[in-house]
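Q: Could you work out the structure for the sequence below:
(chains A and B)
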Amino acid sequence: QKEVEQDPGPLSVPEGAIVSLNCTYSNSAFQYFMWYRQYSRKGPELLMYTYSSGNKEDGRFTAQVDKSSKYISLFIRDSQPSDSATYLCAMTGGSSASKIIFGSGTRLSIRP
Amino acid sequence: NAGVTQTPKFQVLKTGQSMTLQCAQDMNHNSMYWYRQDPGMGLRLIYYSASEGTTDKGEVPNGYNVSRLNKREFSLRLESAAPSQTSVYFCASSELTGYSNQPQHFGDGTRLSIL
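A: Down below sits the predicted model:
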């Protein structure tokens, strides 16, 4: 079983919709949670970075962590075609403190 | 403000050839990483260097070697390329603080094909 599971999609939604992207994990020692966005033929870029449980908001993006359920989410409000990309969750902490563990990514397409 | 720079961007090799992928960062980060990204597999860690002078194996180190030349540069070498090493290779860096890693900053990748 992978330490981090992420639905690969693809996920296609109309412009303006609210998007929900999710990951589950098995290692209860994870404490730091990240979301990366990766455009085609580019490297991943950091979107959100949160510590422990709770919510964090940045513009149209909200990251949510539920450590009791080992479940993290990224919400995108008022989605735009420019949000079309692959989104990777990532986490670290505990015995994996020196390394970040990535999900396999969800491919998202926003239809104009 | 270059961030993480990888060279070359594309390369085609024949089976058995060797090559070195170069990576340099200008953010004064301590830690550097090499990943490969394959469809459906996500990012898999090949090697990492937590600080200058140290290197450690990641999840998929076989067939690769690395050198942390100085704080800025971290190279990945394929001694005898195999078709299974066809992939997109990403270099990343981060500031290691305490027991957690700060988020990683990635280069734009090297697309490598082995024929």
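
Q: Poorly predicted segments of chain B, please.
A: Of all residues in chain B, those with pLDDT under 70 make up the ranges B:1, B:96-101.

Q: One more pass at 80, please.
A: Counting by pLDDT under 80, the ranges of chain B that qualify are B:1-2, B:40-41, B:96-103.

Q: what about the helices in it?
A: Counting by DSSP state H, one finds no helices in chain B.

Q: and it, which of its residues are near chain A?
A: Residues of chain B lying near chain A by CB under 8 Å from any CB of the partner chain: B:4, B:31, B:40-43, B:45, B:48, B:50, B:56, B:58, B:90, B:92, B:94, B:96, B:99-101, B:103-109. No exception for glycine: its C-beta is placed from N, CA and C like everyone else's.

Q: are any of those buried, and which?
A: Using 16 or more other CB atoms under 10 Å in any protein chain shown as the burial test, the residues of chain B next to chain A include B:4, B:31, B:42-43, B:45, B:48, B:50, B:58, B:90, B:92, B:94, B:100-101, B:103-109 as buried.

Q: Distance check, A:Ser26 against chain B.
A: Applying CB to the nearest CB, to the nearest Å, the value for A:Ser26 to chain B is 15 Å.

Q: Tell me who's in contact with that residue.
A: Residues near A:Ser26 by CB atoms under 8 Å, 6 or more residues apart in numbering or on different chains: A:Gln1, A:Lys2, A:Glu3, A:Val4, A:Lys70.

Q: In TSV: those, plus pLDDT and secondary structure.
A: Output for the contacts of A:Ser26, formatted as TSV (pLDDT from 0 to 100; DSSP: H, G, I helix; E, B strand; the rest coil):
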residue	pLDDT	secondary structure
A:Gln1	72	coil
A:Lys2	79	coil
A:Glu3	87	coil
A:Val4	92	strand
A:Lys70	94	coil
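
Q: any idea which of those residues has the most stuff around it?
A: Sorting these by how many neighbours each has (other CB atoms under 10 Å in any protein chain shown) puts A:Val4 first, at 22 neighbours.

Q: For it, give me its contacts.
A: A:Cys23, A:Thr24, A:Tyr25, A:Ser26, A:Cys89, A:Ala90, A:Met91, A:Ile101, A:Phe102, A:Gly103.

Q: Let's see that with 6 Å instead.
A: A:Cys23, A:Tyr25, A:Ile101, A:Gly103 (CB atoms under 6 Å, 6 or more residues apart in numbering or on different chains).

Q: Filter those down to just the ones in helices.
A: Those of those lying in helices (DSSP H): none at all.

Q: Let me have those in JSON lines, adding neighbour count and pLDDT as columns.
A: What follows is the contacts of A:Val4, written out as JSON lines (neighbours: other CB atoms under 10 Å in any protein chain shown; pLDDT from 0 to 100):
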{"residue": "A:Cys23", "neighbour count": "25", "pLDDT": "96"}
{"residue": "A:Tyr25", "neighbour count": "21", "pLDDT": "95"}
{"residue": "A:Ile101", "neighbour count": "20", "pLDDT": "87"}
{"residue": "A:Gly103", "neighbour count": "27", "pLDDT": "92"}
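
Q: And these, which is closest to A:Ser40?
A: Nearest to A:Ser40, judged by CB to CB, of the contacts of A:Val4 is A:Gly103 at 18.1 Å.

Q: Nearest residue to that closest one in space, ignoring adjacent ones along the chain?
A: Of all residues not flanking A:Gly103 in the chain, A:Gln6 sits nearest, at 3.2 Å (CB to CB, 6 or more residues apart in numbering or on different chains).
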